[in-house]
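> let me see the structure of the following:
(2 chains)
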There are 2 protein chains.
Amino acid sequence: MYTIGVDLGGTNIAVGLCDENLKIVDKASVPTGADRDGELIVKDMAELAKKLIEKNGLTLSDIEYVGIATPGSTNVKKGIVEYANNLPFRDFHIADIFKKFLPVNKVLIANDANAAALAEALAGAAKGASTSVMITLGTGVGGGVIIDGKIFTGGINDSGTELGHIVIEKGGRQCSCGRRGCWETYSSATGLALTTKEKMKELELQEIPSLLFEEAEKEGKISARTAFNAMKRGDKYGAKIVDEYIEYLATGITDMINIFQPEVLSIGGGVCNEKEYLTKPLIELVNKEQYTRGNAVKTKIVIAELGNDAGIIGAAGLGK
Amino acid sequence: MYTIGVDLGGTNIAVGLCDENLKIVDKASVPTGADRDGELIVKDMAELAKKLIEKNGLTLSDIEYVGIATPGSTNVKKGIVEYANNLPFRDFHIADIFKKFLPVNKVLIANDANAAALAEALAGAAKGASTSVMITLGTGVGGGVIIDGKIFTGGINDSGTELGHIVIEKGGRQCSCGRRGCWETYSSATGLALTTKEKMKELELQEIPSLLFEEAEKEGKISARTAFNAMKRGDKYGAKIVDEYIEYLATGITDMINIFQPEVLSIGGGVCNEKEYLTKPLIELVNKEQYTRGNAVKTKIVIAELGNDAGIIGAAGLGK
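Numbering: from 1, shown residues only, chains lettered A, B, ... in the order given. From the prediction side, this is the model:
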């Protein structure tokens, strides 16, 4: 039997046909067209799935189930997206609507951060671990928690494990969720770019030269890469921004370890392209700060392995 | 069948005989004598249990198991206390040693904060909830998490759910765990007394009168009660301290809800004697801050019900 994983994003719909080991056999994608009616988006998802099935000489009876990884708050039991801020979904019965367009046995859904965490647990950086946490450093700080091999979505509703929305600096930066000082305002890629912008403004006012300006010009914008690039060329202001960024990141990750003591904590998102520049100082700080006493086995902190395929693989693995 | 719950504290050993509904049928206690050899402490626990069994006309065969709630880091699978800072336990095989003194079928152990959380879930404020969180405001901020009716102790070891040791004010107050700005440095009873002391020092330097001084004198010390008492008598400085305390408490509790979305979050510890003075403004703040969107069912925030019996009941419930 095969499964199909749909990774629904604000920009693209990616669909993958997966074998029993969650290897992607074939995949395809189309633009999401997020400003359309929700049903049309789901119709495109179903058509893409159908094409993949036919192209690979299969029929619907070869498909155990279809999994959908979607942004937003999900009710996984009912197959409903309750709310998504970048898609036209309000109490949207995505699973049932998908079945209308493609009558498969079963459609499972999950929040995209949770699906990515499951993917890493089933086939990626946390393979073999029964409890793991995945953090994604992107526009926000996404979080997914796997306990005893299953996604933990929260006790009373599926809105849990909003790990980016814990306050680590009371009264700090304004967060989109309404609170101040949430972890994601500092440790997301967006947060790093903002810190870089703030520091560059300071330097500019004081007419202090820095490679930060050259790097930003080269790239055409101030991004999460600017400070890392300047640092790698020896710029002390770039290094300072990176140090501060990693300190905030370590604070939140240590919190996660003190709460969950996962076997593996994996980190995904574009910032991870910095590899050891990120992980080496990060792991040192976390090891120093975490509560774990004495000889207790410690959480392995690693970079996530599945990259852009995590959504497809996690969705395809929802019934495993 | 009956079970026996042992609540081991730094000051007293309390032992309770419980029926199948976790009602305490009989209980007794002796001083811990925390500076003695660990084996002697366990011997006293066992003797107290034996006395209760005999006094109630029972024999060892009527006892399904003995549960022990102990401070410190526990390895619940092996029945070992790895470390406790107020007891002479280092990799201490407490379950096996107990059996040596009283040959019961089974001895189960748990960290005391976890046992209290289980007690509230089985027989107290969170009865009926499958996922719940308990916070205890005492010397520190203790935390226990129940997921699907079971204590969640952490993934890779049993050191998890150190909920008081998440940073909510980066670079803030020094915590005993080595970090700065941990939740417990602000929201424990100790933290509240410290804040009160700090503010009173300020007032003293500026020679500003306040009922805080009168309250502290009446009680003979500055405690977690001082600010609440002054506030209730109309003192604005007392009110300010209480407001700030509740703000920090709300910050951490909102973090817990954003992470776990428990059905019930119960709060224990002496500070809860302030009842609605504590819970009313607290719940208002948390409702405003939490991530839970729209119509999603929200966590019930309540004061824990079992008080000093929570340790015994949780220990007695470890096998349920």
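> identify the bridge partners of the closest residue to A:Asp62 other than its chain neighbours.
Nearest non-adjacent residue to A:Asp62, counting by Cβ to Cβ, 6 or more residues apart in numbering or on different chains: A:Tyr2, 5.5 Å away. (C-beta placed from N, C-alpha, C; glycine too.) Beta-bridge pairing for A:Tyr2 (DSSP bridges): A:Ile63.
> so how far is A:Pro103 from A:Tyr2?
16 Å (Cβ to Cβ, to the nearest Å).
> more neighbours: those two, which one.
A:Tyr2 (18 against 9; other Cβ atoms under 10 Å in any protein chain shown).
> you'd agree that one is up against A:Leu60?
No: A:Tyr2 is not in contact with A:Leu60 according to Cβ atoms under 8 Å; the separation is 10.6 Å.
> in the stretch 151-300 of chain A, which spans are helices?
For the stretch 151-300 of chain A, helices defined by DSSP state H, counting those that start in this stretch occupy the ranges A:183-187, A:189-205, A:211-219, A:226-232, A:236-260, A:276-289.
> and the helix or strand following the last one, how far from the chain's centre?
In other words, helix A:276-289. Downstream of helix A:276-289, the next assigned helix or strand under DSSP states H and E is strand A:300-303. Chain-centre distance of strand A:300-303: 15 Å, with Cα atoms, centre = their mean, to the nearest Å.
> and strand A:300-303, does that touch chain B?
No: Strand A:300-303 does not reach chain B (Cβ under 8 Å from any Cβ of the partner chain); its nearest approach is 8.6 Å.
> cool, stretch A:112-123 as well?
No: Stretch A:112-123 lies apart from chain B when judged by Cβ under 8 Å from any Cβ; the minimum separation is 11.0 Å.
> hey, C-alpha coordinates of that stretch in CSV?
Listed in CSV are the C-alpha atoms of stretch A:112-123, where the atom choice follows Å, rounded to 0.1, in the frame of the first residue of the first chain:
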residue,chain,number,x,y,z
ASP,A,112,2.0,21.7,9.3
ALA,A,113,4.5,22.2,12.2
ASN,A,114,3.2,19.0,13.8
ALA,A,115,3.4,17.1,10.5
ALA,A,116,7.0,18.2,10.1
ALA,A,117,7.8,17.0,13.6
LEU,A,118,6.2,13.6,12.9
ALA,A,119,8.2,13.3,9.6
GLU,A,120,11.5,13.9,11.5
ALA,A,121,10.4,11.3,14.1
LEU,A,122,9.4,8.7,11.5
ALA,A,123,12.0,9.2,8.8
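> and the stretch 1-150 of chain A, which residues reach chain B?
Counting by Cβ under 8 Å from any Cβ, the residues of the stretch 1-150 of chain A close to chain B are A:73, A:82-83, A:129-132, A:147.
> which intervals of chain A have sub-threshold pLDDT?
Within chain A, the segments meeting pLDDT under 70 span A:293-295.
> tell me the centre residue of it?
The centroid of chain A falls nearest to A:Thr136 when counting by Cα atoms, centre = their mean (3.8 Å).
> so what's that one closest to, chain neighbours aside?
The shortest distance from A:Thr136 to any non-neighbouring residue, by Cβ to Cβ, 6+ apart, is to A:Gly142 (3.8 Å).
> next, the angle from the helix or strand harbouring that neighbour to helix A:236-260.
Using DSSP H and E, A:Gly142 sits in strand A:141-147. Calculated by axes from the mean of the first three to the mean of the last three Cα atoms, to 10 degrees, strand A:141-147 forms an angle of 30 degrees with helix A:236-260.
> who's A:Gly144 bridged to?
A:Met134.
> tally up the residues packed near it, please.
For A:Gly144, the neighbour count with other Cβ under 10 Å is 30.
> got a list of what it touches?
By Cβ atoms under 8 Å, 6 or more residues apart in numbering or on different chains, the residues touching A:Gly144 are A:111, A:113-118, A:133-134, A:136, A:151, A:161.
> show me what counts as buried in stretch A:229-247.
Within stretch A:229-247, the residues that count as buried by 16 or more other Cβ atoms under 10 Å in any protein chain shown are A:229-231, A:235, A:237-238, A:241-242, A:245-247.
> ah, wrong one, I meant stretch A:96-110
A:97-99, A:101-102, A:104, A:107-110.
> put the alpha carbons of it into CSV.
Only the C-alpha atoms of stretch A:96-110 are listed here, as CSV (Å, rounded to 0.1, in the frame of the first residue of the first chain):
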residue,chain,number,x,y,z
ASP,A,96,-14.6,15.8,3.7
ILE,A,97,-14.2,18.3,0.8
PHE,A,98,-11.1,16.4,-0.3
LYS,A,99,-13.1,13.2,-0.4
LYS,A,100,-15.7,14.8,-2.5
PHE,A,101,-13.1,15.4,-5.2
LEU,A,102,-11.3,12.2,-4.7
PRO,A,103,-13.1,9.3,-2.9
VAL,A,104,-10.2,7.8,-1.0
ASN,A,105,-10.7,5.6,2.1
LYS,A,106,-9.5,8.1,4.6
VAL,A,107,-8.2,11.6,4.8
LEU,A,108,-6.2,12.6,7.9
ILE,A,109,-5.1,16.2,8.7
ALA,A,110,-2.5,17.9,10.9
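> if I read this right, A:Ala224 contacts A:Val271, doesn't it?
Yes: A:Ala224 lies in contact with A:Val271 (Cβ under 8 Å); the separation is 5.5 Å.
> and the contacts of A:Gly144, which is closest to A:Ser188?
Set against A:Ser188, the nearest of the contacts of A:Gly144 by Cβ to Cβ is A:Thr136 (9.0 Å).
> element containing that closest one?
Per DSSP H and E: strand A:132-137 holds A:Thr136.
> my guess is the residue nearest to A:Thr136 meets A:Thr161, correct?
No: with contacts counted by Cβ under 8 Å, A:Gly142 stays clear of A:Thr161, the gap being 9.2 Å.
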